[in-house]
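**Student:** Dropping the sequence and predicted coords here.
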Amino acid sequence: MPLASIMVNFELTDEQQMLRELARDFANEEIKPNAAHWDKESIYPIEAIARANELGLLTLKIPQKYGGGGMGSFEEVLVLEELGFGDPGFATAAGSSMLASYPLITGGTEAQKEKYLRMVTEGKIAAYCVTEPGAGSDVQSIQTEAVKDGDEYIINGQKMWITNATQADYFCVLVNTSEGNPHRNKSLIIIPSDTKGVSIGDKIDKLGLRTSDTAPVYFDNVCIPQRFRIGKEGEGFKMQMEQFQEERLFLSASILVAMDICIDKTIEYCKDRKAFG
């Protein structure tokens, strides 16, 4: 059974079925006709992303009080599978803001949620900054630090391979806020992209997912109020690991149909191929 077809075995509610059909129609009408061009020319499809956001496809898990869908992971998987049917690169670019929103949904203050989650539901772009040149999957080894100065943090460091870095209105950044245990010395901090000392490097020319802009982000004596921290100081590593679980689910769902297509084309090729007489 094709991987993407497994989802059919679930008993969908009428609302879930309508949501899935909405996402599939959007993929057929807005993504698939443009995906090859976007990828070839490395175009960030900002207008199509805005339309997907207007349809509510990109903010499903944000609570309704902040303009989101108030739904769960299952509904998000349904939508991401269909957006990935259009183009996995589009799903990655479009879903970046949702991925950056998870720590705010689970650990943000009411003021943070009202401002930054609502920014996402109104079409602003968010991105999360974790990876560094010397610390990719080894998150405990990040070097970017935030030093307290009165009621503020002074942040210095560099992040690398940040999805949608060139488009983001704000970043959710993992930093070291103290020394000691690398699993308990990190915090997540909201940093608006127009803050003094924040700079974005050149867009990276990638081999795939070229509809999603990826670039380094630099922090040079960035001054941020401590109220921009998400959750308690030192809880950042735990919160980031929880976000990664959502990311893995997100990525897995968005490539299911692409894997189906690869398998179908391989079977077709093997049936037609002639070799050795």
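**Tutor:** Thanks, I have it. Residues are numbered from 1 along each chain as shown.
**Student:** Only the buried residues of stretch 231-245, if you could.
**Tutor:** G231, E233, G234, E235, G236, F237, M239, Q240, Q243, F244 (16 or more other CB atoms under 10 Å). All C-beta atoms are positioned from the backbone trio N, CA, C, and that covers glycine.
**Student:** Spatially, which pair of the residues you listed is furthest apart? Let me know, please.
**Tutor:** Spatial extent of the buried residues of stretch 231-245 (CB to CB) is set by the pair E233 and F244 at 20.3 Å.
**Student:** quick revisit: which single one of the buried residues of stretch 231-245 is nearest to N164?
**Tutor:** Nearest to N164, judged by CB to CB, of these is Q243 at 15.2 Å.
**Student:** Confirm for me that Q158 is in contact with P216.
**Tutor:** Yes. Using CB atoms under 8 Å, Q158 is in contact with P216, at 6.3 Å.
**Student:** Return the subset of the buried residues of stretch 231-245 lying in helices.
**Tutor:** Judged by DSSP state H, the buried residues of stretch 231-245 include G236, F237, M239, Q240, Q243, F244 as members of helices.
**Student:** possible to save the residues you listed as CSV with distance to G108 and pLDDT?
**Tutor:** Shown next, in CSV, are those (distance: CB to CB, whole Å; pLDDT from 0 to 100):
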residue, distance to G108, pLDDT
G236, 13, 96
F237, 17, 95
M239, 10, 94
Q240, 14, 92
Q243, 12, 89
F244, 18, 88
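**Student:** CSV please, covering the residues you listed and showing distance to I190.
**Tutor:** Formatted as CSV, those follow (distance: CB to CB, whole Å):
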residue, distance to I190
G236, 12
F237, 17
M239, 13
Q240, 14
Q243, 14
F244, 18
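**Student:** Going by distance to L60, which of those wins?
**Tutor:** Nearest member of these to L60, counting by CB to CB, is Q243, at 16.0 Å.
**Student:** May I have the residues that are in contact with E247?
**Tutor:** L99 (CB atoms under 8 Å, 6 or more residues apart in numbering).
**Student:** On the pLDDT front, check it for me.
**Tutor:** On the pLDDT scale, E247 is placed at 85.
**Student:** So it versus S254, what's the distance?
**Tutor:** Using CB to CB, to the nearest Å, we find E247 at a distance of 11 Å from S254.
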